[in-house]
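*Asks:* Can you look at this prediction? I've put the sequence above it.
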Amino acid sequence: MFFFPLSEYTWAMFEQETKLASGSGELKDSFDVEKAIGCYHAAIQELIVIDDILSALVGIEGRYISIKRIQGKEDTVTFQVDPSMDLTLQESAKQIFPLCESYLLINQFVESRSQFKSGLVNHAFAAALRALLLDYQAMVAQLEHQFRLARLSIQGLWFYCQPMIGSMQALSIVIKKVSANNFVGSTVLNLLQSQAKAMAGDHVVRSLLEKMTQCANTAYLQILERWVYEGIIDDPYGEFFISENKSLQKESLTEDYDAKYWQQRYSLKDDIPSFLASAAETILTTGKYLNVMRECGHSIQVPIAENSKLTSVGSNHHYLERIKAAYDYASGELLNLIKEKYDLMAKLRSIKHYLLLDQGDFLVHFMDIAREELAKKPDDISAVKLQSLLDLALRTTAAAADPCHEDLASCVEKTTLLQRLNTLKDLDIHQAVSDSNHLEELVNVTGLETFSLSYKVQWPLSLVISRKALTKYQLIFRFLFHCKHVNRQLCAAWQVHQGVRRVDMQGIAISVSSLLCRNMLKFINSLVHYLTFEVLEPNWHVMHNSLQKAKSIDEVIQYHEFFLEKCLRECLLLSPVLMKVCDEVFDFDWFPLFFIVGRKILPVFCGDAASWKKFLGSLGSNTRILL
């Protein structure tokens, strides 16, 4: 320290005035009111000012230095001096006042943010500031000790306070913003980091701010560590940058077509710490994977060594490597769990057998035994009877060897396939068509047009085979089922044609009818061949190979969704115009009636009740009907 010895007379005069000022209330009052500091000699004034400044440095008013709070601004204070003070001393005191103001502001912040309700980050930041204030108060105590030894001048006081002013003011800037906006969590960390970057030219101040950031980070990193290593959000004050929506349950994946469980159960907030911005998605996904395993009843924790703990962050970015390692472990474990224990590929193959008609022997048997039930109106069909017929078909065909066949269930929709497509707004449907015959179709529709299959999927496979994915499978199944039904009707028509060929006495009408039936049968067979062997099978193999190479459950979901989207598009289901054409082509009663008028046989393949009545009325009495 710089020592400035004073004369014994000067110091004696100062001590005398000090005793007078600190004496009885009456004497002190008379001293304050009647004797301004300008009445003293300059040397005495300097000692009085130093004594007052030492008090102001710890937030205490002096005799000639007062603290004034600005009205309406709780965090703003100013220091005022006696105007009669020597001008040189006034300027010297004003140079130190910013340090006094910063101390008051920081001390007030520490007192107000030392409770946990302010958040763990603010609590940790306040604890670091409290430690800094203890060092600051120790410095003031040393200065006061030197002053009591008559070895400190106003210049010496300024010399020792000057290095602290920059650091304290930088902290007060952060504190003002935090207090004014009531910042918590990652916003406080970002503010500290940005302030540290702004002070890049001052190594001392920047080091202090980085140290404060590190201390505030400690509480935040503990939350982060539990999330990426255990999949638990231990965030009682809502500071973490990942939020949890507990209203979204995993059961919605199998019940709701628009379920947002996987996308929104855990999501990123806007305020992400800048040092974690590049790894935010990885952090989010890591915890999601661990949570899926926990929901499955598996208590999985990422194995961590002592040097792998997220206790600090630095310029070496080792913490990012640890986060990536945690992600790789969680991703591998979950993928192995779904593929091995829950056998995802077996479920997908089973769905392919039934909903994509990969093995259709059960369907042939089912269509035979359920023909009468499916010919009814959807409201008249017995769901119990239809399910029993389906179970019978499954047990008496090769499907009985499939352990997953019990997950299959029958269902009857209320709308046609084209109407159902129009209700799914998320599909990339082009060239939408208006359904002007909606009411008429509802009257004429039967179970053959609305029958579908459902499949029971349990957690966690519902992440991949969700209600949305299953609905897309059902759309493809309904189209294939309709094609199979038309094919069966055409085959029956062909058999009838073969049976009545001898009736054709002139060989014209039956030949035309037979040619039409044969061409339609060729068309429907070609369509079924295209759908199964040129669309579904190749795309299935591509998806199967992609799933074998997938490194995360998100990639599995992505490949599966891409497969379904491509199949829907190539099966014409995303082109309502083409589907409308197919619907009109299929809208024939292909079980033919042959009207024999005289010696001619006229085949009739379509027509509603009114047209049939009109047509029959135009026929003569020599007309007979062959079925």
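*Replies:* Great, that's in hand.
*Asks:* pLDDT wise, what is the residue nearest the centre of the chain at?
*Replies:* Central residue of the chain (Cα atoms, centre = their mean): S267, 3.0 Å from the mean position. In this model, S267 is scored at 94, pLDDT.
*Asks:* can you start the count at 83 instead of 1 from here on
*Replies:* I'll keep to 83 as the first residue from here, and by that count the last item is S349.
*Asks:* Secondary structure of it: a strand, I assume?
*Replies:* Yes - under DSSP: H, G, I helix; E, B strand; the rest coil, S349 falls within a strand.
*Asks:* Apart from its chain neighbours, what residue comes closest to it?
*Replies:* Leaving aside its sequence neighbours, S349 sits nearest to S325 (Cβ to Cβ, 6 or more residues apart in numbering; 5.8 Å). For every residue, glycine as well, the C-beta is placed using N, CA and C.
*Asks:* is it true that the one you found touches R347?
*Replies:* No - with contact defined as Cβ atoms under 8 Å, S325 and R347 do not form a contacting pair (9.7 Å).
*Asks:* And those two? Which one has more around it.
*Replies:* Counting neighbours by other Cβ atoms under 10 Å for S325 and for R347 shows that R347 has the greater number, 19 against 14.
*Asks:* Skipping adjacent residues, who's closest to that one in space?
*Replies:* L330 (4.6 Å).
*Asks:* Please apply the same query to L439.
*Replies:* Looking at L439 with Cβ to Cβ, 6+ apart, the closest residue is L562, at 5.1 Å.
*Asks:* check contacts around the one you found.
*Replies:* Remark: with contacts taken as Cβ atoms under 8 Å, 6 or more residues apart in numbering, L562 is in contact with L438, L439, V610, L613, T614.
*Asks:* Check what pLDDT the second one gets.
*Replies:* This means L439. L439 is assigned a pLDDT of 87 by the prediction.
*Asks:* Show the residue spans covered by the strands in the stretch 283-432 of the chain.
*Replies:* Counting by DSSP state E, counting those that start in this stretch, the stretch 283-432 of the chain has strands at residues 324-326, 348-350.
*Asks:* okay if I get those strands as CSV plus distance to I305?
*Replies:* Output for the strands of the stretch 283-432 of the chain, formatted as CSV (distance: least, Cβ to Cβ, whole Å):
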stretch, distance to I305
strand 324-326, 9
strand 348-350, 14
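*Asks:* So the residue nearest to L439: helix, strand or coil?
*Replies:* Going by three-state DSSP: L562 is helix.
*Asks:* Same check on E143?
*Replies:* E143 ends up coil, using three-state DSSP.
*Asks:* Surely it and V159 touch.
*Replies:* No - at 10.9 Å, E143 does not count as touching V159 under the criterion of Cβ under 8 Å.
*Asks:* Give me the more crowded residue out of those two.
*Replies:* Per other Cβ under 10 Å, whichever of E143 and V159 has more neighbours is V159, with 17 against 14.
*Asks:* chain center to whatever helix or strand M449 lives in: distance?
*Replies:* Element membership of M449 [criterion: DSSP states H and E] is helix 443-451. From the chain centre to the centre of helix 443-451 is a distance of 44 Å (Cα atoms, centre = their mean, to the nearest Å).
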